[in-house]
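Colleague: how does the following fold in three dimensions:
(6 chains)
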6 protein chains.
Amino acid sequence: MNKKVSVYRKEHFCAAHRLNNPSWSEEKNYNVFGKCNNPNYHGHNYELNVKVTGKPSPDTGFVIDLKYLSDLIKETVIEKLDHKNLNLDVPEFSDLNPTAENIAIVIFNILRDKIDQELDLQIRLYETPRNFVEYPAS
Amino acid sequence: MNKKVSVYRKEHFCAAHRLNNPSWSEEKNYNVFGKCNNPNYHGHNYELNVKVTGKPSPDTGFVIDLKYLSDLIKETVIEKLDHKNLNLDVPEFSDLNPTAENIAIVIFNILRDKIDQELDLQIRLYETPRNFVEYPAS
Amino acid sequence: MNKKVSVYRKEHFCAAHRLNNPSWSEEKNYNVFGKCNNPNYHGHNYELNVKVTGKPSPDTGFVIDLKYLSDLIKETVIEKLDHKNLNLDVPEFSDLNPTAENIAIVIFNILRDKIDQELDLQIRLYETPRNFVEYPAS
Amino acid sequence: MNKKVSVYRKEHFCAAHRLNNPSWSEEKNYNVFGKCNNPNYHGHNYELNVKVTGKPSPDTGFVIDLKYLSDLIKETVIEKLDHKNLNLDVPEFSDLNPTAENIAIVIFNILRDKIDQELDLQIRLYETPRNFVEYPAS
Amino acid sequence: MNKKVSVYRKEHFCAAHRLNNPSWSEEKNYNVFGKCNNPNYHGHNYELNVKVTGKPSPDTGFVIDLKYLSDLIKETVIEKLDHKNLNLDVPEFSDLNPTAENIAIVIFNILRDKIDQELDLQIRLYETPRNFVEYPAS
Amino acid sequence: MNKKVSVYRKEHFCAAHRLNNPSWSEEKNYNVFGKCNNPNYHGHNYELNVKVTGKPSPDTGFVIDLKYLSDLIKETVIEKLDHKNLNLDVPEFSDLNPTAENIAIVIFNILRDKIDQELDLQIRLYETPRNFVEYPAS
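Modeller: Coordinates of the predicted model:
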């Protein structure tokens, strides 16, 4: 068989953030971002699904060792984002609005460099159980 | 970066329905649709995931404002279907069997007209936690 | 050890219903029950948790065999309520408003007779993931 | 029948907070509260279950109208806490550490005054899917 | 309309397994598979999502009857795997490491023969709520 | 305020087991325990909720530090049970049938000794999403 398999690992972090465009007035920011613009921040429990796609190894039956993948996510992503203020504590967002879309892209870029280029990578990020995003779109 | 992001919004409605093909005999309807053919109706809590795919705006970091998307779904879909009898109260099903497949197509057609044509749209509808559908198939 | 253990079995049914007090005017019914008063009915996926409390048997380690309990719930409760219109198809509600509270009491009364009186019984019924009831209250 | 029924309504809010005891040194606060002491705050999606116990009304079959209860929670609790920084934006925590325990007690005290004293009240608050609290303990 | 719809059915089984490559030393197996190599086995609740894609029938509104699909999965997959030791009781794994990837491929191959070739088939298998796989990758 | 608060921590382990009473014949064991009696074992993902009840400390706002409780559960319970064969690898079950009831009692007894006697303790253990137990019963 030569078809590919996708494997998923789910991890968790919680963080504070606010949505704001510094090139806009306070009023415009409030009109666009509403309660998410609160200058004192609010926060979320983010649920992160990392999807890796490739052919299982004939030796192990694994596309990628999920224990390895879990440790990699924890060391490179969770350590950086968990219990943080995304706007103030995470350099990637010093100049980038921490929407769910942009957080997913930042996480993708961190992990893409660390995972074998023959394997495809996709990020799904739940900001709440009712709002979530996927990058890149499939 | 020029890759697309998908964003999802989850909403909820509950409704009664029955499955029936009026061109068939009672017996054939019962044989095909079983308990779902009960002439007095039964019902479900439907969980609706709406997926919109496009490029995030550089100004907002949003593919689409999820507050706007949530309000749009509530005004055009939930208002029409929630606490209703799909067969009797919803004109779209006067001549269309309200299977999960057909409900998803009806919801897609309602929302497709209201959302920027540059954005892709997909509907996932849970009829129960164990039975669900997606339209269009990806 | 002489302390008691509670065991739970979760089952599922879906049904149509409407809330209505026949001794009230149409207008008062609509004012009190709102959308739940729709004369054409609406419906739900009901999740049912049955809790049985007692001392585990030294022979089996079971308070009650959960396979037996599951079969009992299916034969006496699910068969009666699943894919039914509670108002029209279920005699217990011919004269009783099928609120979640009353459905839980009806289920309790059905099961109480069938389960050893030395075992305590409690019903939790989810009408939606956000609305649920418990009887008797603990 | 004269036994009581409990009814539950689930609502949601998200907020930022930090854990800190102002009478302690920075070092002691960090030793006790760890990452939760981040001076720039972090945040959570809080899931709130409100449980009300009493006898169902013979007229309605309701212990309390869950639409009324939902509106009451939204107006008095969600409006106050959602998309807020608990430490900075919510007066109740100006002098009280916003642990899950204390948030549950604050919510209980807000709602206790608004709900008929013949009805019992209990709060369950999920800070994360793995950490949650209940007040008063049953 | 000529677009396809996907329908999903979720089923459940539980099983024991161990991960092991018989051509490797005990030490290498332990280094690669860790706790999953326990010679006395461990086990999981597997949640199985079966996805079938095609055009809904104009007569029924169904892509495939989900009751038929559920029965088919139970007879051909659940009967074979539920409450079994995958390594000892299931011939397909006598010479194949029962990783989640390989279990998904085995399930796909069983069902592919039984389902109309005009319908597409995909398997998602949850080994735990945090580790899951999909075959074939989409 | 002098009322107590309950705090909960959820942890996870997976294990193999079989149900068997060694003083019975093979036939009686099969008749009583059915598929759960498979001599080659089967397995589950167990979800464990540990509930601790007491008064919050005025200094911390904690009933018990949930990070401490989580570490305690991992060191004393998860380490002992995770990725194990309960019948073969865990001495507590050498002479005790590993039903969910008995596993919950064993976990309670392990933790009871390690937690301040002024705090109440209760265990809820999910063997599957549909079968779960609580000890001691409340």
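Colleague: low pLDDT regions in chain A?
Modeller: In the predicted model, chain A carries pLDDT under 70 at residues A:1-2.
Colleague: please enumerate the helices of it.
Modeller: Using DSSP state H, the helices of chain A run over A:26-33, A:66-73, A:79-81, A:86-89, A:100-112.
Colleague: tell me how far the shortest one lies from the chain's centre.
Modeller: Put simply, helix A:79-81 sits 11 Å off its chain's centre (C-alpha atoms, centre = their mean, to the nearest Å).
Colleague: that helix and chain D in contact?
Modeller: No: if you take C-beta under 8 Å from any C-beta of the partner chain as the test, helix A:79-81 misses chain D, and the best it gets is 9.6 Å. Glycine gets a C-beta too; all of them are placed from N, C-alpha and C.
Colleague: list the contacts of residue A:28.
Modeller: residue A:21 (C-beta atoms under 8 Å, 6 or more residues apart in numbering or on different chains).
Colleague: give me the distance between it and residue A:20.
Modeller: Distance, residue A:28 to residue A:20, using C-beta to C-beta, to the nearest Å: 10 Å.
Colleague: could you do residue A:106 as well?
Modeller: 17 Å.
Colleague: and the two? which has more neighbours close in?
Modeller: residue A:106 (22 against 19; other C-beta atoms under 10 Å in any protein chain shown).
Colleague: report the central residue of chain A.
Modeller: residue A:104 (3.5 Å; C-alpha atoms, centre = their mean).
Colleague: who touches it in this structure?
Modeller: Contacts of residue A:104 by C-beta under 8 Å, 6+ apart are A:123-125, A:133-135, B:5.
Colleague: ok, which of those residues also contact chain E?
Modeller: Applying C-beta under 8 Å from any C-beta to these, none is adjacent to chain E.
Colleague: and stretch A:90-98, what's buried?
Modeller: A:90, A:92-93, A:96-98 (16 or more other C-beta atoms under 10 Å in any protein chain shown).
Colleague: could you do stretch A:11-20 as well?
Modeller: Buried, per 16+ other C-beta under 10 Å, within stretch A:11-20: A:11, A:13-20.
Colleague: report whether it contacts chain D.
Modeller: Yes: with C-beta under 8 Å from any C-beta as the measure, stretch A:11-20 is seen reaching chain D through A:12, A:14-17.
Colleague: related to what we said a few turns ago, need the buried residues of stretch A:90-98 in CSV with distance to residue B:117, can you?
Modeller: Below are the buried residues of stretch A:90-98 laid out as CSV (distance: C-beta to C-beta, whole Å):
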residue, distance to residue B:117
A:90, 35
A:92, 32
A:93, 31
A:96, 28
A:97, 25
A:98, 29
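Colleague: quick check: the two most widely separated of these?
Modeller: Spatially, the most separated pair among the buried residues of stretch A:90-98 is A:90 and A:97, at 12.4 Å (C-beta to C-beta).
Colleague: mind listing what the nearest residue to residue A:24 once chain neighbours are set aside touches?
Modeller: Spatially, and ignoring its direct neighbours in sequence, residue A:24 is nearest to residue A:32 (7.4 Å; C-beta to C-beta, 6 or more residues apart in numbering or on different chains). Taking C-beta under 8 Å, 6+ apart, we find residue A:32 in contact with A:21, A:24, B:60, B:65.
Colleague: for these, which one is nearest residue D:129?
Modeller: residue B:65 (27.0 Å).
Colleague: for that closest one, give me its contacts.
Modeller: Per C-beta under 8 Å, 6+ apart, neighbours of residue B:65: residue A:32.
Colleague: could you measure from it over to residue B:59?
Modeller: According to C-beta to C-beta, residue B:65 and residue B:59 sit 12 Å apart.
Colleague: if we can go back for a sec, the contacts of residue A:32: which two are farthest apart?
Modeller: Farthest pair in these, by C-beta to C-beta: A:24 and B:65, 14.7 Å.
Colleague: near the residue nearest to residue A:93 when sequence neighbours are not counted, how many other residues are there?
Modeller: Leaving aside its chain neighbours, residue A:93 sits nearest to residue A:86 (5.0 Å; criterion: C-beta to C-beta, 6+ apart). A count of neighbours around residue A:86, defined by other C-beta under 10 Å, yields 27.
Colleague: list the contacts for residue A:86?
Modeller: Applying C-beta under 8 Å, 6+ apart, the residues near residue A:86 are A:15-17, A:93, A:98, A:103.
Colleague: output the set of residues of chain A in proximity to chain D.
Modeller: Counting by C-beta under 8 Å from any C-beta, chain A sits next to chain D at A:12, A:14-17, A:35-36, A:38, A:40-45, A:82-85, A:88-89, A:128-129.
Colleague: buried ones among the residues you listed?
Modeller: A:14-17, A:36, A:38, A:41-45, A:82-85, A:88-89, A:128.
Colleague: now, which of those lie within strands?
Modeller: A:14-17, A:42-45, A:84-85, A:128 (DSSP state E).
Colleague: tabulate those residues (JSON lines), appending distance to chain B.
Modeller: Converted to JSON lines, those look like this (distance: C-beta to the nearest C-beta, whole Å):
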{"residue": "A:14", "distance to chain B": "19"}
{"residue": "A:15", "distance to chain B": "16"}
{"residue": "A:16", "distance to chain B": "17"}
{"residue": "A:17", "distance to chain B": "11"}
{"residue": "A:42", "distance to chain B": "14"}
{"residue": "A:43", "distance to chain B": "17"}
{"residue": "A:44", "distance to chain B": "13"}
{"residue": "A:45", "distance to chain B": "16"}
{"residue": "A:84", "distance to chain B": "18"}
{"residue": "A:85", "distance to chain B": "17"}
{"residue": "A:128", "distance to chain B": "9"}
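Colleague: distance of the closest residue to residue A:131 other than its chain neighbours from chain F?
Modeller: Among residues not flanking residue A:131 along the chain, residue B:66 sits closest, at 5.2 Å (C-beta to C-beta, 6+ apart). Remark: distance between residue B:66 and chain F (C-beta to the nearest C-beta, to the nearest Å) = 28 Å.
Colleague: burial count for residue B:66?
Modeller: Neighbour number of residue B:66 under other C-beta under 10 Å is 23.
Colleague: thought it was touching residue A:133?
Modeller: No: using C-beta atoms under 8 Å, residue B:66 makes no contact with residue A:133, being 9.2 Å away.
Colleague: residue A:23: neighbouring residues, count only.
Modeller: 8.
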